[in-house]
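>>> build me a structure from this.
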Amino acid sequence: VVVCESHTVIGGACHSFRRGDGFHFESGPSLYSGLNARGPKGNPLGLVLQAVGADVDLNVLTYDTWNVYLPETNYQKFPAKVGPTGFDALFDTCGDAETKNEWERLVRETKPLTDAATAIPPLAIRLDPGVLRSVVLRYLGPILSSLPVLGRLTKPYSDVLDRAKVRKGGFLRNYMDLLSFLLSGLDSNGTITAEVAFMLQEWTSDSAVLEFPVGGSQALADALAGAVTRRRADNKVYVNEHVEKIIVEDGRAVGVRTRKGKEIRARRGVVSNATTIQTARLLPDDVDAATKAAKKAWTKALEATPMNPSFMHLHVGFDAKGLDDLDMHHLVVNDWSKESRGGKAKGVMAEQNVVLISIASVADPSLAPRGKHCLHAYYPATEPYDIWDGLSRDEYEKLKVERSQALWDAVEKVIPDIRRRAEVTLVGSPKTHEMYLRRFRGSYGAAYAAGEETFPFGGSSPVPGLICAGDFTFPGIGLP
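Sure, this is the predicted structure:
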């Protein structure tokens, strides 16, 4: 296996970087669960780490609480817990007399869907005749018992909420829209039922915990890289090795050519974790007529794909003096029914409405200098790309200041004097995402709405020997 990473550091949307006097900043994910998953019902990410032996390099911290700041709490901190009774206190504070009844109905309605969603480990599903052995024969019993509800797994989770008579505009409906949005970039009207059903089971089980890898999210990427290079002496993981073209011969992908002129031939095939639109553009033009036609049709279809908006980031390295009781995770929702551009009600999907805040050094003090903390706040998949395109440098810097104010406002709910404490401040835009993470238009990923479109099964491409992974083949940025 040879991995060619375009950036100077591996990890993509999961990499981290350092600034100032030892401040370690996360580029993306910070809320994890299931890293230590075992058994057929385990979290897919945990199963991947286990399957390749990357789990041996991970030291995982556990906790059970994240803080939410909601209109119902008057934007004061409320500790939301995972576990079998974790939602109860939240509903007591934010809901009304009917909310718990709605929750009980929702749990009953979701249970058979959860059983079906976890009946077959995702790693067992294959694209070759071996699927008969890995799935059908081994899991025939669970498959048969799940048949009555299998068709509902690909529908939007809002269907489940409707069946459970969860009121539109009520707190539980709003909160489930939020959890759906955090998983896929879409609310419950667009998020696939299987995904929410799986995560609800993971967050409400008796053994439910939240996790964070020691060393931050970069530790995940490093563990995966270590698993690759340990497997064989000739396995390589290259950084700063940008792929310019996918080599196609006789209608089949047989290797890649890098910007440095290096040609790497593939014995079995090429797997691309680049945005699928960018992958299509890496196919050469001087190929046979069939491949050229396939590239044209594929590119056209991909460019017509609905896309989630991008991110905006605020990274702050700050003085932690007197902040001994600071927590790691915080989530701010400004308005459940907020409208976006054009006056359309978008709720949790509206611009600058939901802000996630992670202070990773609370969990792992090695990520910041002694007496300091590193903070990452961001709009998750709600920042439009178009307003950033074609700006001059001065216009761009001015817009960064303007568009980051809602991030600062959210952080001030957690640390009121954060601006005075700040020692290192960095603002990232959709253009930052596009440049450093090679994200097409800085996007969070394809916005395939459940019940209307489906993610391409197995990440197939129209070119034999070329497989797509991550973006466009699974909700979000690939890692979840």
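>>> tell me the buried residues in the host helix or strand of Ala253?
Ala253 is part of strand 252-258 when elements are defined by DSSP states H and E. Residues of strand 252-258 classed as buried by neighbour count (16 or more other C-beta atoms under 10 Å): 253-258. To be clear about C-beta, it is placed using only N, CA and C from the backbone, and glycine gets the same treatment.
>>> now stretch 275-290
So, applying 16+ other C-beta under 10 Å, buried residues of stretch 275-290: 275-277, 279-280, 282-283, 287.
>>> how far does it stretch from start to finish?
By C-alpha to C-alpha, to the nearest Å, the extent of stretch 275-290 from end to end equals 23 Å.
>>> neighbouring contacts of that stretch?
By C-beta atoms under 8 Å, 6 or more residues apart in numbering, the surrounding residues in contact with stretch 275-290 are 243-248, 250-251, 256, 272, 274, 291-292, 295, 298-299, 302-303, 305, 438-440, 443, 446, 461, 463, 466, 468, 471-473.
>>> in helices, which of the residues you listed appear?
The members of those that map onto helices under DSSP state H are 291-292, 295, 298-299, 302-303.
>>> between the residues you listed, which is nearest Phe212?
Closest approach to Phe212 among those (C-beta to C-beta): Leu302, at 34.5 Å.
>>> so that closest one touches Phe472, yeah?
Yes - if you go by C-beta atoms under 8 Å, Leu302 and Phe472 touch, sitting 7.4 Å apart.
>>> so which of these two has more stuff around it?
Each of Leu302 and Phe472 has its neighbours counted (other C-beta atoms under 10 Å); Phe472 has more, 24 against 19.
>>> pretty sure the more buried one contacts Phe455?
Yes - contact criterion C-beta under 8 Å: Phe472 and Phe455 qualify, at 7.0 Å.
>>> overlap of the contact sets of these two?
Common neighbours of Phe472 and Phe455 (criterion: C-beta under 8 Å, 6+ apart): Ala446.
>>> got any ranges where the stretch 101-250 of the chain has weak pLDDT?
Within the stretch 101-250 of the chain, the ranges that satisfy pLDDT under 70 run 123, 125-128.
>>> in it, which spans are helices?
131, 140-150, 157-163, 171-184, 193-204, 218-231 (DSSP state H, counting those that start in this stretch).
>>> closest to Asp115 out of those?
Ranking the helices of the stretch 101-250 of the chain by their distance to Asp115 (criterion: C-beta to C-beta) puts helix 140-150 first, at 6.7 Å.
>>> the closest one vs helix 193-204, what angle?
Computed by axes from the mean of the first three to the mean of the last three C-alpha atoms, to 10 degrees, the angle separating helix 140-150 from helix 193-204 equals 110 degrees.
>>> elements contacting the strand or helix carrying Met435?
Following DSSP H and E, one finds Met435 within helix 430-436. Packing partners of helix 430-436 (3 or more C-beta pairs under 8 Å, 6 or more residues apart in numbering; DSSP states H and E): strand 310-319.
>>> please consider this matter closed, and thank you.
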